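Peer 1: Mind looking at a prediction? Sequence and model below.
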Amino acid sequence: MNASTVRWTLAVLAHLALLLAWYLFVKLGNVPRFVMPSPSATLDALLQPNYDWWANMAVTATEIFAGYALALVAGVALALLFTWSKALEAFFMPLLVSLNMIPKVALGPLIIVWFKYGVFPNTLMAFSICVFPILLTTARGLREIEPELLDLVNSLKGSRWQLFTKIQLPGSLPYIFSGMKVAAILAVAGAIVGEFLGSDKGLGYLMLQVQVTLDTPAMFMAVLLITLIGMALYGLVLGLETLLVPKDARVD
Amino acid sequence: MPVEPFIRMRGVSKTYRSGKKEHLAISDATFDVMPGELVSLVGPSGCGKSTLLKILAGLHPNDGGELKIGSATHAFDPARDVGMVFQAPLLLKWRRILQNVLLPAEILGLPQKESRERAKDLLALVGLAGYEDKYPYELSGGMQQRAAIARSLVHDPKLVLMDEPFGALDALTREKMNLELLRIWKEAGKTIVFVTHGISEAVFLGTRVVVLTAGPARMADNFEIALPRPRTLDMKTHERFGDYTRRIYRLLGME
Ligand SMILES: Nc1ncnc2c1ncn2[C@@H]1O[C@H](COP(=O)(O)OP(=O)(O)OP(=O)(O)O)[C@@H](O)[C@H]1O
Ligand SMILES: [Mg+2]
């Protein structure tokens, strides 16, 4: 077996061990179902048709992916804008750093006052929490590009768009991805907090509903599905990174 | 009819401004470059050599004086006719060598097929035939710099500006690259302005040497190097070669 097979095997084993420990803990400890359900009881929760699992999951996934995508576009665009104008950067960057200090979760009640509840405010929560790490790492990546490379393009009277697509974007891609990985985890938290605070759809909303009836297996299932959405997003980002960034250029 | 100079620089000055601070980088640069010449520019660190090249490349405007590039017989298009080589190869890590060489042609929107042919020819000219599909990290520093030279020629510019292109190479590779550059210059027939810290490199390569003194750059001297061509490494031991280098050392106050 080569090193990578060993690592994969160990990773799978660790997950299976956790499942087993969970199962044994519940079974041998006679833990009541409303405190901690067994793995099989958790799976059974999926059979409850009135929970609308797939519709709720789709709503949460939409909020996460939409907020994330918006943050990616806005973060990269703002960082690029700052390379065009030093004055703009000097004016806005300190402000953005201060805004970044606001705990985004604390904005939740305000966002609900402004936008009512629903998919949009939750998307906005995910967006607000993701945009800073992406903006900051992209700005850093753009700064790292050798100024002579920009001179080279400018001496040929290349356009800003050419500069962006041929030099700046591919050059800062390793940094953009390091920000995207951080943001992928935050996006999930943002959307769920939004759903907790006020919403009528989504897995976070569902969790609050079943909490009232002490349907702990359903709460477990909801957490599991939320985690799966996060993993899908993170996996997508990792896959794209492998595809687009040469191994020796990656930053963490 | 006497040949007109390709570059005519008269009393060019340049001040960098950042906020209230002003920094005079060049106070008075005056020299001519004839078409097809390889002019070496020497001077102490920080005296404004890179600044001068940036002005020639059209990246900075000059504040004072006159600068004219191109003549009736040798037209000059500021967008298309400048090639640049820097101290670092600055190849794009994510592009293969051929794609790196093609960058200027892409930016100028030159026809793809012809550009590819030309890029391949140039890679052969700089001794990198067969490396088209390698990535930069697979090449040594000297080879990367050769690729950078090929890139500076791909759009067939009339003027090539080189800013200490061999400054980061070891002494042996550097001498080899000097000979290579003379061969490429002869075959490509470009006008080259070559900035260097190496006094013997400046004399060995140049048809003419322009000496600048410590910043703000002022002209200290400008003289022709009347050594026979093709230049060979053993010329460095000739008496006349020594006379030229001594003259520069004296100007820079190092004797
Ligand atoms: N963009 C800039 N803004 C302000 N000052 C600058 C800028 N670029 C260069 N300078 C200053 O102008 C002077 C000349 O710089 P330049 O880079 O042209 O020198 P140089 O002769 O190329 O030096 P070296 O041999 O070390 O490369 C230096 O004092 C430098 O600090
Ligand atoms: Mg310099």
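Peer 2: Okay, I see it. Please read all numbers here as calculations on a predicted model, not as lab measurements. Ligands and ions are numbered 1, 2, ... in the order given.

Peer 1: and the closest residue to A:Tyr175 other than its chain neighbours, helix, strand or coil?
Peer 2: Among residues not flanking A:Tyr175 along the chain, A:Gly141 sits closest, at 2.8 Å (CB to CB, 6 or more residues apart in numbering or on different chains). No exception for glycine: its C-beta is placed from N, CA and C like everyone else's. Taken by DSSP: H, G, I helix; E, B strand; the rest coil, the conformation at A:Gly141 corresponds to helix.

Peer 1: low-scoring pLDDT stretches of the stretch 151-252 of chain A, where are they?
Peer 2: Along the stretch 151-252 of chain A, the model assigns pLDDT under 70 to residues A:248-252.

Peer 1: Check which residues of the helix or strand containing A:Ala218 are buried.
Peer 2: Element membership of A:Ala218, judged by DSSP states H and E, is helix A:216-244. Counting neighbours by 16 or more other CB atoms under 10 Å in any protein chain shown, one finds that the buried residues in helix A:216-244 are A:216-222, A:225-226, A:229-230, A:233-234, A:237, A:241.

Peer 1: Lowest mean pLDDT among the helices and strands, pick that one out for chain B.
Peer 2: Of all the helices and strands that make up chain B, the one with the lowest confidence by mean pLDDT, DSSP states H and E is strand B:217-224; it has a mean of 86.

Peer 1: Now do it: distance to the chain's middle.
Peer 2: 17 Å (CA atoms, centre = their mean, to the nearest Å).

Peer 1: same for the helix holding A:Ala218, what does it pack against?
Peer 2: Here helix A:216-244 touches helix A:39-44, helix A:53-84, helix A:169-197, helix A:203-212, going by 3 or more CB pairs under 8 Å, 6 or more residues apart in numbering or on different chains; DSSP states H and E.

Peer 1: What are the boundaries of the helices in the stretch 101-250 of chain B?
Peer 2: The residue ranges that make up the helices of the stretch 101-250 of chain B, judged by DSSP state H, counting those that start in this stretch, are B:112-125, B:141-153, B:171-188, B:199-205, B:239-251.

Peer 1: neighbours of whichever residue of the stretch 1-150 of chain A sits closest to chain B, just the number please.
Peer 2: For the stretch 1-150 of chain A, the residue closest to chain B is A:Glu148, as judged by CB to the nearest CB, at 4.6 Å. A:Glu148 is flanked by 16 other residues according to other CB atoms under 10 Å in any protein chain shown.

Peer 1: one step back: so which of the helices and strands packed on helix A:216-244 is the most surrounded?
Peer 2: For those, ranked by mean neighbour count under the definition mean count of other CB atoms under 10 Å in any protein chain shown, the leader is helix A:169-197 at a mean of 23.

Peer 1: so that one versus helix A:216-244, what angle?
Peer 2: Direction vectors for helix A:169-197 and helix A:216-244, defined by axes from the mean of the first three to the mean of the last three CA atoms, to 10 degrees, enclose an angle of 170 degrees.

Peer 1: ok, now how distant is the most centrally placed residue in chain A from B:Ser50?
Peer 2: A centroid search over chain A (CA atoms, centre = their mean) returns A:Ala184, at 2.1 Å, as the residue closest to the centre. As judged by CB to CB, to the nearest Å, A:Ala184 and B:Ser50 stand 42 Å apart.

Peer 1: now B:Gly58
Peer 2: Relative to B:Ser50, B:Gly58 is positioned 14 Å away (criterion: CB to CB).

Peer 1: likewise A:Trp54?
Peer 2: Taking CB to CB as the criterion, A:Trp54 is separated from B:Ser50 by 62 Å.

Peer 1: and B:Val39, that's in a strand?
Peer 2: Yes - the assignment for B:Val39 (three-state DSSP) places it in a strand.

Peer 1: Who does B:Arg17 form a beta bridge with?
Peer 2: The partner list for B:Arg17 in beta bridges (DSSP bridges) reads B:Glu22.

Peer 1: pLDDT score for it?
Peer 2: In the prediction, the pLDDT value recorded for B:Arg17 is 88.

Peer 1: so which of the helices and strands packed on helix A:216-244 gets nearest A:Phe115?
Peer 2: helix A:169-197 (10.1 Å; CB to CB).

Peer 1: Tell me who's in contact with the residue nearest the centre of chain B.
Peer 2: For chain B, the residue lying nearest the average C-alpha position, counting by CA atoms, centre = their mean, turns out to be B:Met162 (2.5 Å). B:Met162 makes contact with B:Met84, B:Val85, B:Ser152, B:Ile192, B:Val193, B:Phe194, B:Val195, according to CB atoms under 8 Å, 6 or more residues apart in numbering or on different chains.

Peer 1: one step back: the residue nearest to A:Tyr175 and A:Ser172 touch, don't they?
Peer 2: Yes - in terms of CB atoms under 8 Å, A:Gly141 counts as a neighbour of A:Ser172; the distance is 2.9 Å.

Peer 1: what residues do the two have in common as contacts?
Peer 2: Between them, A:Gly141 and A:Ser172 share the neighbouring residues A:Ala79, with contact defined by CB under 8 Å, 6+ apart.

Peer 1: so what's the residue of chain A at minimum distance from ligand 1 up against?
Peer 2: Ligand 1 sits closest to A:Pro147 of chain A, with a gap of 8.6 Å, by CB to the nearest ligand atom. With contacts taken as CB under 8 Å, 6+ apart, A:Pro147 has no neighbouring residues.

Peer 1: repeat for A:Pro133
Peer 2: For A:Pro133, the set of contacting residues under the criterion of CB under 8 Å, 6+ apart consists of A:Gly75, A:Gly179, A:Val182, A:Ala183, A:Leu186.

Peer 1: Now name the helix or strand holding it.
Peer 2: Under the assignment given by DSSP H and E, the secondary-structure element containing A:Pro133 is helix A:119-144.

Peer 1: The helix holding A:Ala218 versus helix A:53-84: what angle between them?
Peer 2: Going by the same axes, to 10 degrees, helix A:216-244 makes 40 degrees with helix A:53-84.

Peer 1: Isn't B:Ser200 up against B:Thr245?
Peer 2: Yes - assessed by CB under 8 Å, B:Ser200 is found in contact with B:Thr245 at 5.6 Å.

Peer 1: and the helix holding A:Ala218, how far from the chain's centre?
Peer 2: Using CA atoms, centre = their mean, the mean C-alpha position of helix A:216-244 is found 9 Å from that of the whole chain.

Peer 1: And stretch B:180-187, by the same measure?
Peer 2: Distance, stretch centre to chain centre, for stretch B:180-187: 12 Å (CA atoms, centre = their mean).

Peer 1: And stretch B:86-93, by the same measure?
Peer 2: Relative to its parent chain, stretch B:86-93 has a centroid offset of 15 Å by CA atoms, centre = their mean.

Peer 1: thinking again about what came up before, where's the residue nearest to A:Tyr175 relative to B:Ala214, distance?
Peer 2: A:Gly141 is 37 Å from B:Ala214, where distance means CB to CB.
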